[in-house]
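1. What would the 3D arrangement of this be:
(2 chains)
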Amino acid sequence: MMQLPCPWCGVRDETEFVCGGTTHLARPGLEASDAEWGHYLFFRDNPKGVHLERWRHSFGCGAWFNLARHTVTHEVLAVYGMTEAPPCSGAA
Amino acid sequence: MKYSALALLRGALSSHRNWPPAWRSPEPKAAYDAVIVGGGGHGLATAYYLARNHGIRNVAVIERGWLGGGNTGRNTTVVRSNYLYPESARLYDFSLRLYEGLSRELNFNIMLSQRSHLMLAHSRHDLESLSRWVNTMAMHGIDAELVSREQVGVLVPPLDLSPDARFPVLGAMRQRRGGTARHDAVAWGYARAADALGVDIIQNCEVTGFVTGEGGRVTAVDTTRGRIRAERVGIAAAGHSSVLAKLAGFRLPVTSYALQAMVTEPLKPTLDVVVIAPGTGAYVSQSDKGEMVIGASLDLFPSYAQRGSFGVLQNVVAATLAMFPSFSRLRLLRHWAGIVDVVHDSSPIIGPTPVPGLYINCGWGTGGFKAIPVGGWTLAHALATGRSHELAEAFQLERFITGRLIDEAAATGIAH
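-> Modelled structure (predicted):
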């Protein structure tokens, strides 16, 4: 079972967490076109490699945090706060 | 050669030593009329229907690994067409009808077993939504019926029907035409039939890039076995669709997840229908070898790992035992995962991409196996004519811009 590092509680089993999907998605302004809005809502890089994603320690402290995690090895490369800049770039 | 009882007898007389290979393993040519990326069921079916329906035989199927080694070999072999919305109902029922004639069509026994598919209801609300579902299917001309708790007991004797079960069974929706088909045979049957029509099936050949020419139109694919020119290219790569789309310079509304399944040790005939319990996310059928084939829910985080986590495995085993307490002494023999291409409305994408000449068939998510015939049929149509097939018109990439989604999350039967 994958173990994930909660910034508050330390390493816990994956079953305590819920994945919130890709992080750092910037919501476009009200003037956005349908295409921009559609891309914001639905289209993703979905990398085979490092993915920057948000997780919630739902069955623990409840905190949201960011992870840089490899989608093939499931290795966690970095843990960082919701408002922090990514410590590495996502992508294959 | 044509497979028949006579051929089998002739084979037996020579101790089955002289069967020719079912398809060739040719070297890739420099150019094809159409190249299909992905040698799973959908890709092979596309090649077959390109040759059969459209007369386009100068076609190559390029597969990174081995034929049918991705999700085609990793599913739970269930076929059914119990979808809710008219667009999906037409699409999936067309697929099931093609499956019904496929063994004869391909001269290859796909071991289709229309043994009934049962979706259980655990509450009054489940029963009400299932009766709406049955009525909707009836309006689309697709067979479906509600069955009572007692009838479920007759159909599925080992099922726990006690009122104090964790998820008590109040009834079920039954589709008699639903069932299973042999997954490898579907891939092999299409491969053999496509090969016989002149299609080159090239395994161990990974696409590393797309070459575009005038107007951004795709003109060739770069592979680990050199550049192959193509007038048009189709992608049928399921969980790896985003990887190929990135090579071609666009993104898809797809997230890749691992979907697990497993089989137990074989036992005597015990279960002759497919049962799915939406409340627990487990679905069970018995293979012809006697193994209990158990499907699980998604590991709900992006993954390309082709292996599932023990958390989900534990849940699905517990769910299966809640349904079938007598299975508690069975041992699991094998356990695996496939990488599925999940989109937000659980409906496929079949048609053009932002790159001219490049077409895609993806987004089937957790339910691609049942759709292999129609996925191939409609992608072949798009490749041959440049236009979407009538069945696929509603399933275009642009629906994620216009907002005209077709949300079949319930019909997938799997928590997303």
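
2. contacting residues around the residue nearest to B:R177 when sequence neighbours are not counted?
-> Of all residues not flanking B:R177 in the chain, B:Q114 sits nearest, at 5.1 Å (C-beta to C-beta, 6 or more residues apart in numbering or on different chains). C-beta: built from backbone N, CA, C; applies to glycine. B:Q114 makes contact with B:100, B:176-179 under the criterion C-beta atoms under 8 Å, 6 or more residues apart in numbering or on different chains.

3. Return the per-residue confidence for B:Q114.
-> On the pLDDT scale, B:Q114 is placed at 98.

4. mind giving me the domain ranges of chain B?
-> What automatic domain parsing lists as the domains of chain B is B:25-81+B:83-108+B:183-253+B:345-412, B:117-175+B:256-342.

5. got the residues of chain A near chain B?
-> Within chain A, the positions lying close to chain B (C-beta under 8 Å from any C-beta of the partner chain) are A:1-2, A:13-15, A:18-19, A:21, A:34-35, A:38-39, A:41-48, A:51, A:53, A:71-74, A:92.

6. and the residue sitting nearest the centre point of chain A, helix, strand or coil?
-> Nearest to the geometric centre of chain A sits A:E53, at 1.0 Å (C-alpha atoms, centre = their mean). Of the three states, A:E53 takes strand under DSSP: H, G, I helix; E, B strand; the rest coil.

7. residue boundaries of the strands in chain A?
-> Using DSSP state E, the strands of chain A run over A:3-6, A:10-13, A:18-22, A:50-56, A:64-70, A:76-80.

8. Compile those strands into CSV and extend it with columns for mean pLDDT.
-> As requested, the strands of chain A are exported to CSV (pLDDT from 0 to 100):
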stretch, mean pLDDT
strand A:3-6, 96
strand A:10-13, 96
strand A:18-22, 97
strand A:50-56, 97
strand A:64-70, 97
strand A:76-80, 96
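
9. so can I have a markdown table of the ones you listed showing distance to B:G368?
-> Below are those laid out as a markdown table (distance: least, C-beta to C-beta, whole Å):
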| stretch | distance to B:G368 |
| --- | --- |
| strand A:3-6 | 29 |
| strand A:10-13 | 30 |
| strand A:18-22 | 22 |
| strand A:50-56 | 23 |
| strand A:64-70 | 25 |
| strand A:76-80 | 30 |
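
10. Return the set of buried residues in stretch B:241-256.
-> Residues of stretch B:241-256 classed as buried by neighbour count (16 or more other C-beta atoms under 10 Å in any protein chain shown): B:241-248, B:250, B:252-256.

11. now check the lowest-mean-pLDDT helix or strand in chain B, is it near chain A?
-> Ranked by mean pLDDT, DSSP states H and E, the weakest helix or strand in chain B is helix B:409-412, scoring a mean of 82. No. On the criterion C-beta under 8 Å from any C-beta, helix B:409-412 is out of touch with chain A, staying 14.6 Å away.

12. How far off centre is that helix?
-> 15 Å (C-alpha atoms, centre = their mean, to the nearest Å).

13. still on that earlier bit, tell me the most buried of the domains of chain B?
-> Highest mean neighbour count of those: domain B:25-81+B:83-108+B:183-253+B:345-412, a mean of 21 (counted as mean count of other C-beta atoms under 10 Å in any protein chain shown).

14. Let's see the distance spanning that one from one end to the other.
-> In domain B:25-81+B:83-108+B:183-253+B:345-412, first residue to last residue: 36 Å (C-alpha to C-alpha, to the nearest Å).

15. Also stretch A:71-78?
-> So stretch A:71-78: terminal residues 13 Å apart, C-alpha to C-alpha.

16. so what's the closest residue to A:E75 other than its chain neighbours up against?
-> Ranked by C-beta to C-beta, 6+ apart and with sequence neighbours excluded, the top spatial neighbour of A:E75 is A:R69, at 7.0 Å. Listed by C-beta under 8 Å, 6+ apart, the contact set of A:R69 reads A:50-51, A:53, A:75-77.

17. List only buried entries from the residues you listed.
-> Neighbour counting by 16+ other C-beta under 10 Å classes A:50-51, A:53, A:76 among these as buried.

18. near chain A, which residues of the stretch 251-400 of chain B?
-> By C-beta under 8 Å from any C-beta, the residues of the stretch 251-400 of chain B that approach chain A are B:251-256, B:300-305, B:309-311, B:343-344, B:400.

19. Just the ones in helices from those residues, please.
-> In helices, defined here by DSSP state H, the members of those are B:310-311, B:400.

20. Could I get the residues you listed in a markdown table, plus columns for pLDDT?
-> Formatted as a markdown table, those follow (pLDDT from 0 to 100):
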| residue | pLDDT |
| --- | --- |
| B:F310 | 90 |
| B:G311 | 89 |
| B:F400 | 97 |
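
21. returning to what we had before: identify the farthest-apart pair in the contacts of A:R69.
-> The most widely separated members of the contacts of A:R69, counting by C-beta to C-beta, are A:E53 and A:E75 (13.2 Å).

22. Pretty sure B:L6 sits in a strand.
-> No. Counting by three-state DSSP, B:L6 falls outside a strand, being helix.

23. Please enumerate the helices of the stretch 1-150 of chain B.
-> B:5-13, B:41-54, B:86-100, B:102-106, B:124-139, B:149-155 (DSSP state H, counting those that start in this stretch).

24. any idea how far the residue of chain A most remote from its centre is from A:W37?
-> Distance from the C-alpha centroid of chain A, by C-alpha atoms, centre = their mean, peaks at A:E31 (26.7 Å). Noted for A:E31: a distance of 10 Å to A:W37, by C-beta to C-beta, to the nearest Å.

25. B:G41: what's its closest spatial neighbour, skipping adjacent residues?
-> Leaving aside its chain neighbours, B:G41 sits nearest to B:I372 (3.7 Å; criterion: C-beta to C-beta, 6+ apart).

26. any idea how far the one you found is from B:L379?
-> Distance of B:I372 to B:L379, computed by C-beta to C-beta: 11 Å.

27. what is in contact with these two at once?
-> Listed as contacting both B:I372 and B:L379 by C-beta under 8 Å, 6+ apart are B:H42.

28. ok, and the most crowded of the contacts of B:Q114?
-> Highest neighbour count within the contacts of B:Q114, by other C-beta atoms under 10 Å in any protein chain shown: B:G178, with 26 neighbours.

29. hang on, isn't that residue packed against B:N82?
-> Yes. The criterion here is C-beta atoms under 8 Å, and B:G178 meets it with B:N82 at 6.8 Å.
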